[in-house]
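In: sequence first, predicted model second:
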Amino acid sequence: MRKLSLAILLTLVTTLALQGRSWAYPIKNAPILTRNALYASGPLGPASCPEPPVEAGDVASVKNYLVPLVKCLDTVWAAQFKKARLPFVKPAVKFITKPQRACGRKWGENIQAIYCNPTRQIVFLLDKSIVNDPGDLFLMDVIAHEYGHHVQNLAGMWKAYDGLPGRGKNEYLEQTRRHELQAECLAGAFIGAVWPSLDRTAEDWNDLVAADRRSGDEIADVRDHGKGRNIANWLSRGYKATAPSACNTWIAGAAMVA
């Protein structure tokens, strides 16, 4: 069982102050978002990425599970960026056992991992809640989601998203949901690409999708990640297609990113 909600733990850097920010939807004049070269790069992989065993209650064991996953993410996405003829660099990855300042700000409540786009760094909190219960695909989904933000950053999508013009809080929140749901879809594409190399069952996958459905904005204070059904939908879209082309949230209808 997962202890925390995907809808509230995956990013700190996207919970920016609303004052002074303005946004627009639907997206029409942002080709980096709607027609990015990454979308035409074809399927990821296939790639071999066997999961190391992980022991509950052991910080070192959880870290040893995540480190090879990061290397696998590096390999898969480096190859994809080469196909898209886009430059690629690996993100830095840092593991901490207690909340601390990251991305220039205080660690937020109920956050498991964050991506700092200026420094291209993923920071992963190995606290008791995750170390004592690491037995499902939660770890893979979280690290793949944060890596999805790195992909957005390298492909120019983060900068384009961050500079969208527009009007008001509702538009800001919709664009934030598009940004977050795309990262979840990119996580699904990676998981789908490496799935044949994992010692996993269809039930394992169904459990992850079901957990996504239970973890949407319905249980959060801010509507910035999407309803549970939409988080699950975009994860599944990526998984089935194993390709970034399935993850163009910027042209999706409003209902799909609600």
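Out: All right, it came through fine.
In: would you map the strands across the stretch 101-250 of the chain?
Out: Secondary structure of the stretch 101-250 of the chain, counting by DSSP state E, counting those that start in this stretch: strands at 113-116, 121-125.
In: the shortest one packs against which elements?
Out: Counting contacts by 3 or more Cβ pairs under 8 Å, 6 or more residues apart in numbering; DSSP states H and E, the secondary-structure elements packed against strand 113-116 are strand 121-125, helix 138-154. Quick note: C-beta positions are derived from backbone N, CA and C, even for glycine.
In: among the ones you listed, which is the most enclosed?
Out: helix 138-154 (a mean of 25; mean count of other Cβ atoms under 10 Å).
In: quick one: mean pLDDT for that helix?
Out: For helix 138-154, the mean pLDDT works out to 97.
In: can you add distance to K106 and mean pLDDT and give the strands of the stretch 101-250 of the chain back as TSV?
Out: Converted to TSV, those look like this (distance: least, Cβ to Cβ, whole Å; pLDDT from 0 to 100):
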stretch	distance to K106	mean pLDDT
strand 113-116	11	96
strand 121-125	13	97
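In: could I get these as CSV with distance to P99?
Out: Listed next are those as CSV, based on distance: least, Cβ to Cβ, whole Å:
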stretch, distance to P99
strand 113-116, 11
strand 121-125, 6
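In: what about these, which gets the closest to G104?
Out: G104 lies closest, by Cβ to Cβ, to one member of these: strand 113-116, at 7.9 Å.
In: give me the buried positions along that closest one.
Out: In terms of neighbour count (16 or more other Cβ atoms under 10 Å), strand 113-116 has its buried residues at A113, I114, Y115, C116.
In: quick one: mean pLDDT over the helix or strand encompassing K82.
Out: Taking DSSP states H and E as the definition, K82 sits inside helix 59-84. The average pLDDT within helix 59-84 is 97.
In: tell me the angle it makes with helix 138-154.
Out: 40 degrees (axes from the mean of the first three to the mean of the last three Cα atoms, to 10 degrees).
In: centre of the chain to helix 59-84, how far?
Out: Here the centre of helix 59-84 is set off from its chain's centre by 14 Å, with Cα atoms, centre = their mean, to the nearest Å.
In: mind listing what's buried in that helix?
Out: Buried-residue list, helix 59-84, by 16+ other Cβ under 10 Å: 62, 65-66, 69-70, 72-77, 80-81, 84.
In: what of stretch 229-245?
Out: For stretch 229-245, by 16+ other Cβ under 10 Å, it's 230-239, 241-245.
In: so what's the closest residue in space to L154 that isn't next to it in sequence up against?
Out: Leaving aside its sequence neighbours, L154 sits nearest to F88 (Cβ to Cβ, 6 or more residues apart in numbering; 6.2 Å). Under the criterion of Cβ atoms under 8 Å, 6 or more residues apart in numbering, the contact list for F88 reads W77, A78, F81, K82, L154.
In: try it again with 7 Å
Out: W77, A78, F81, L154 (Cβ atoms under 7 Å, 6 or more residues apart in numbering).
In: kindly list the main-chain dihedrals of the nearest residue to the third one once chain neighbours are set aside?
Out: Once its chain neighbours are removed from consideration, F81 has its nearest residue in F88; the separation is 3.7 Å (Cβ to Cβ, 6+ apart). Here is the backbone geometry of F88 (degrees, to the nearest 10): phi -130, psi 140.
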